[in-house]
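**Student:** need a 3D model of the following:
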Amino acid sequence: MRQFVFLLIAVVSVCRCAYPQTGDRPAAHADLPHLPPGMTDDGKALAKDMSYRYADAREAALAAFKSGYLAAKDSRNRAIGLFLLALHRDPTFVKALFNLGVLCAERQLWQDAEAFYREVLKVAGDRDLDGQAQVEIERLQFIEKLESTEEGRKEKKFDLGLAAALREKNKNAGVDQAKGLIKLDGKRWEAPALAGVLSAQLRFYAESKQFLEQASSLAPPGRRDQLKQAAVVAQRQADFLAETKNAGELWDQQKYAQAAEEYSSAWGNNPADSSVAIRAATGFLMADQIPQAVTMLSTIRGSVPLVLDEEIVRMLKELAAVYPEAQVQAGKAVTPVENANAVEPSDHIRIAVGILASREMEILAKPSPVLAEDRGKVTPIPDPELTNNPFEFGAVSGPFAVYQQILSSAAVGTAPGQVTSQQVQPPVVSEPDKPRPRPQ
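**Tutor:** From the prediction side, this is the model:
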């Protein structure tokens, strides 16, 4: 019996050791994955860096990165802070570096943006982001150069406005934008050239001619002849429209001889429109001016398609009964055009004017890249830093300088909460060094 009692006491003692009661220590804490020995989750004894909660530094950085990516939809400032937190956890997280470049460029922090893009090039591993970073560095350098002077800022405003006008699908709106650019800088030739092209497409050829002449007087020597040629086409088409209008009015008054002369003159300004020549020949016939009609029909034979040429030959043969020369003209061999779809005058003008967008303008007007996304998996773990981010400054004035401080603090083991925007100096853009390998 005594042995049984001793055995019962031993069992109870073992149970108390294995399952301590509430009175033996403070309230129990939920153990988290990867928690270092002796660490609890009471909000006070937490480590200064939350990375220990995750499988590794990359997963901890990814958690901050994904939060930043989502935050960017509502608050770019909060996204900047979270991307900086991601870099505190893993300084080689290239997508965070890239996104900080994008966001700094949006805020017109040109040097910060360029510096982050250069950091992207230092970190090996993402060819697509490397290519985008190279393009953005060139664009930002060009922008920074323009922003450094008053004349440069004016050039930037003009080029961005011209790029917008070139993209405008509404031609009337495009002309208005081009006129505004002419007022902005009357020494640039591209705006009146664009106004000339668009006016021609709207069939306002008289206005087109004026704009094109203005452009040719301002353009560099290599573009002047093309613009003068375009102005001539616009003038001839303006005359063509005026003459056909007058001819129509005379025709309605049954003044066929005068109408035919107007149509004949109009065709001279636009030989591609064979219908006007046929109208002229018909007017001469209506006025009993057979020789003029035969001359008109004979002249246009080489500029019409085969089907129409056969019809003209038939008409000439019928006219030979009263005017023998018509038979001679009908028997002449000509080579009719195979394609009746001649180039429209507005297209002729557009081709003559040529490309208006320069490479610099294309670089300047190129939209910023979209934020990089990462679809990697993250273990759902409580992470107070994602909501109480130590890098959340509100209006961050120098993100790249903060990143430099992060690199320095990582070397000496400083906690993220000890890095503040007041501790850092303005960013300095340095030349790219050798790529930094990712931590394994």
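**Student:** okay, P369 and V135: tell me how far apart.
**Tutor:** P369 is 8 Å from V135, where distance means Cβ to Cβ, to the nearest Å. The C-beta positions use only the backbone N, C-alpha and C, and glycine is treated the same way.
**Student:** among these two, which residue is more densely surrounded?
**Tutor:** Here P369 and V135 are compared on neighbour count by other Cβ atoms under 10 Å; more neighbours surround P369, at 17 against 13.
**Student:** so what's that one up against?
**Tutor:** P369 is in contact with F98, V102, Q132, E136, counting by Cβ atoms under 8 Å, 6 or more residues apart in numbering.
**Student:** which ones among those residues lie within helices?
**Tutor:** Within the contacts of P369, residues falling in helices by DSSP state H are F98, V102, Q132, E136.
**Student:** just after the lowest-mean-pLDDT helix or strand in the chain, pick out the following helix or strand.
**Tutor:** Per-element confidence for the chain was summarised using mean pLDDT, DSSP states H and E. The lowest value among helices and strands belongs to helix 2-18, with a mean of 40. In the C-terminal direction, the helix or strand that comes right after helix 2-18 (DSSP states H and E) is helix 57-71.
**Student:** avg pLDDT for that following helix?
**Tutor:** In this model, helix 57-71 carries a mean pLDDT of 95.
**Student:** elements contacting that helix?
**Tutor:** Here helix 57-71 is seen to pack against helix 76-89, helix 94-106 when contacts are counted using 3 or more Cβ pairs under 8 Å, 6 or more residues apart in numbering; DSSP states H and E.
**Student:** got TSV for these, with mean pLDDT, mean neighbour count and distance to S408 too?
**Tutor:** Rendered in TSV, the data for the helices and strands packed on helix 57-71 read as follows (pLDDT from 0 to 100; neighbours: other Cβ atoms under 10 Å; distance: least, Cβ to Cβ, whole Å):
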stretch	mean pLDDT	mean neighbour count	distance to S408
helix 76-89	94	26	11
helix 94-106	96	25	16
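**Student:** apart from its chain neighbours, what residue comes closest to R107?
**Tutor:** With Cβ to Cβ, 6 or more residues apart in numbering as the measure, R76 is the residue that lies nearest to R107, at 7.5 Å, once sequence neighbours are left out.
**Student:** please apply the same query to R301.
**Tutor:** V334 (4.7 Å).
**Student:** which SS class is that neighbour?
**Tutor:** V334 falls in the coil class when you classify it by DSSP: H, G, I helix; E, B strand; the rest coil.
**Student:** contacts only, for it.
**Tutor:** Residues near V334 by Cβ under 8 Å, 6+ apart: R301, G302, D309.
**Student:** one more pass at 10 Å, please.
**Tutor:** Under the criterion of Cβ atoms under 10 Å, 6 or more residues apart in numbering, the contact partners of V334 comprise S298, I300, R301, G302, S303, V304, D309, I312, V313.
**Student:** do E190 as well
**Tutor:** Counting by Cβ under 10 Å, 6+ apart, E190 makes contact with 158-159, 162, 165-166, 178, 181-182, 215, 218-219, 223, 353, 356-358, 361.
**Student:** how about low-confidence regions in this structure?
**Tutor:** Scanning the chain with the threshold set as pLDDT under 70 gives 1-49, 124, 336-342, 392-397, 410-440.
**Student:** ok, P384 to A64 distance?
**Tutor:** P384 sits 12 Å away from A64, going by Cβ to Cβ.
**Student:** what sits in contact with each of those two?
**Tutor:** Shared contacts of P384 and A64, counting by Cβ under 10 Å, 6+ apart, come down to M50.
**Student:** more neighbours: which of these two?
**Tutor:** With other Cβ under 10 Å as the criterion, P384 and A64 differ in neighbour count, and A64 comes out ahead with 29 against 12.
**Student:** now do the contacts for the more buried one.
**Tutor:** 50-51, 81-90, 93, 96, 378, 383, 385-386, 389, 391.
**Student:** switch the cut-off to 8 Å
**Tutor:** A64 is in contact with L82, F83, L85, A86, R89, A96, E385, L386, counting by Cβ under 8 Å, 6+ apart.
**Student:** among these, which one sits closest to E106?
**Tutor:** Of all these, F83 has the smallest distance to E106: 13.0 Å, by Cβ to Cβ.
**Student:** which ones are touching that closest one?
**Tutor:** For F83, the residues meeting the contact criterion (Cβ under 8 Å, 6+ apart) are A64, F65, G68, A96, N99, L100, L103.
**Student:** tell me how the protein divides into domains.
**Tutor:** Following automatic domain parsing, one gets these domains for the chain: 57-148+370-423, 238-331.
**Student:** take those and write them to CSV, including distance to A206.
**Tutor:** As requested, the domains of the chain are exported to CSV (distance: least, Cβ to Cβ, whole Å):
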stretch, distance to A206
domain 57-148+370-423, 36
domain 238-331, 4
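**Student:** what segments of the stretch 101-250 of the chain are helices?
**Tutor:** Residue ranges of the helices in the stretch 101-250 of the chain, as given by DSSP state H, counting those that start in this stretch, are 110-122, 127-147, 150-167, 171-184, 190-201, 205-218, 221-252.
**Student:** okay, angle between the helix or strand following the last one and helix 221-252 too, please.
**Tutor:** Read it as helix 221-252. Sequence-wise, the next helix or strand beyond helix 221-252 is helix 256-269, with elements assigned using DSSP H and E. Taking axes from the mean of the first three to the mean of the last three Cα atoms, to 10 degrees, helix 256-269 and helix 221-252 form an angle of 160 degrees between their directions.
**Student:** in helices only, show me the contacts of V334.
**Tutor:** Using DSSP H, the members of those that fall within helices are S298, D309, I312, V313.
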